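> Model the following, please.
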Amino acid sequence: MPLRRKKTDFGIVKIHNKVICSVASIAAGEVKGVGGMFSSPIKGFSSLFKKESYGKGVKLEFGDNNDVNVSIYIVVEYGANVPYVSTLVQESVKKRIEELTGLTVNEVEVNVYDVAKK
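Numbering: from 1, shown residues only. Have a look, this model is predicted:
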């Protein structure tokens with residue numbers, strides 16, 4: 001059960017990777033123009049690259065210094081500006097993970113896999 005650990009003055013705080021994936025997924029879903037999440041077509045290869053996958057459409061890769069790279073797979077609503085929505089997703093995911101977990105997000109890779117009707 002992979003956990004991110006942080007020592008505080010009062011003890012140790014443990015955050016399961018599933019929590020980080022959920023935060024990323026919710027943050028992406030709050031962006032106007034995102035029609036949903038998409039499960040990665042390369043699920044089976046994730047363990048080869050030491051990536052962890054818990055949330056639908058989110059993969060995490062951790063560094064050595066309480067930092068993380070996030071790959072997120074989304075469906076964009078038809079008519080939305082894909083590069084603009086993707087940038088908003090990057091900003092939202094980075095901000096929310098850092099605010100809610102205390103981790104440093106180095107990179108948010110957005111993969112747009114489909115378009116959906118509103």
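> pull the longest strand from the chain.
Selection of the longest strand in the chain by residue count, based on DSSP state E, yields strand 104-116.
> Which residues outside it are in contact with it?
Contacts to strand 104-116, defined as CB atoms under 8 Å, 6 or more residues apart in numbering, come from residues 35-36, 38, 40-41, 63, 65-78, 82, 86, 89-90, 93-94, 97-98. (Each C-beta comes from the backbone N, C-alpha and C, glycine too.)
> Which of the residues you listed fall in helices?
Per DSSP state H, helices hold the following members of these: 82, 86, 89, 90, 93, 94, 97, 98.
> low pLDDT regions in this structure?
Per-residue confidence of the chain (counting by pLDDT under 70) places the weak regions at 1-2, 40-55.
> Next, the residue nearest to the spatial centre of it: secondary structure please.
Using CA atoms, centre = their mean, the residue of the chain that lies closest to the mean C-alpha position is residue 24, 3.7 Å off. Three-state secondary structure (criterion: DSSP: H, G, I helix; E, B strand; the rest coil) places residue 24 in helix.
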